[in-house]
Structure formats: structure tokens, C-alpha cells
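*Asks:* One predicted model, sequence on top.
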Amino acid sequence: MYRRETLAIFGRFGPLDEELVLTLSGRDASGAMRDLVFRRRYRDCLPAGPELPQQWAAQKILHLLAERALLVDSQAREHQQREIRRVAAEHNVFVPY
């Protein structure tokens, strides 16, 4: 985790779901293992803004680019590139690669 930065989690919840419980596990600055547990009721959250789909798409594209970097098969890389272009076009996200 990066200090003083926001952690954004994109996903969906079902109509019967009431609460998000998120546990982050890892080492703190001194090396000790820690679990951070966050709870939030969905009804207490603000509705998403119109920019949410584009923000999701930008993060999805970064994920796909990272996966593509690990692919050695040229057909698989091209398939990944097509998916990157599709998501970018669908959500109007500029991809310089």
C-alpha cells in the first residue's frame, strides 16, 4: 500500500447485500503482521458519480496491460491487446500503448 493514497475497490454487490467487510493483511512499517478490518454499510455510502465506469475501465486497462506484459504467446498477446482496445473504446479511455 502506498502511504497517503486512496485505495479504490471496484465491484458490484447484490440487492440483498447490506455491508462490505474488507480485510487487508500484511506487514506494517516495523515488519509486524497486521490485519486491518474495514466495515461499511452500503446504505451509508454515497451513490457513485457518472465518472465511475470510466475510472473502472482505466483500472481494468492497467490490469490487462500488466497481464499482457507476462504473455509470451503472440496470439494471446494480440487477444489481450484487442480486449484493451475494446474496453478503452467502450469507456472513452485514452491508452498510449
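*Replies:* Received it, and whenever you're ready, just let me know what you need.

*Asks:* List the neighbours of the host helix or strand of G26 that are in contact with it.
*Replies:* Following DSSP states H and E, one finds G26 within strand 19-27. Applying Cβ atoms under 8 Å, 6 or more residues apart in numbering, the external contacts of strand 19-27 come out as 1, 9, 13, 33-42. No exception for glycine: its C-beta is placed from N, CA and C like everyone else's.

*Asks:* what does stretch 61-77 give?
*Replies:* Contacts of stretch 61-77 (Cβ under 8 Å, 6+ apart): Q80, Q81, E83, I84, V87, A88, V93, V95, Y97.

*Asks:* centre of the chain versus that stretch, how much separation?
*Replies:* 17 Å (Cα atoms, centre = their mean, to the nearest Å).

*Asks:* and it, which residues are buried?
*Replies:* Within stretch 61-77, the residues that count as buried by 16 or more other Cβ atoms under 10 Å are I61, L64, R68.

*Asks:* which stretches of the protein have low pLDDT?
*Replies:* Low-confidence segments of the chain, defined by pLDDT under 70: 1-2.

*Asks:* Return the residue of the chain that is most distant from the centre.
*Replies:* Computed with Cα atoms, centre = their mean, the residue of the chain farthest from its C-alpha average is S30, at 27.5 Å.

*Asks:* can you pull out the helices in this structure?
*Replies:* For the chain, the helices defined by DSSP state H cover 52-70, 74-91.

*Asks:* and those as a markdown table, adding distance to V21?
*Replies:* As requested, these are exported to a markdown table (distance: least, Cβ to Cβ, whole Å):
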| stretch | distance to V21 |
| --- | --- |
| helix 52-70 | 21 |
| helix 74-91 | 29 |
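
*Asks:* among those, which is nearest E5?
*Replies:* Among these, the nearest to E5 by Cβ to Cβ is helix 52-70 (13.7 Å).
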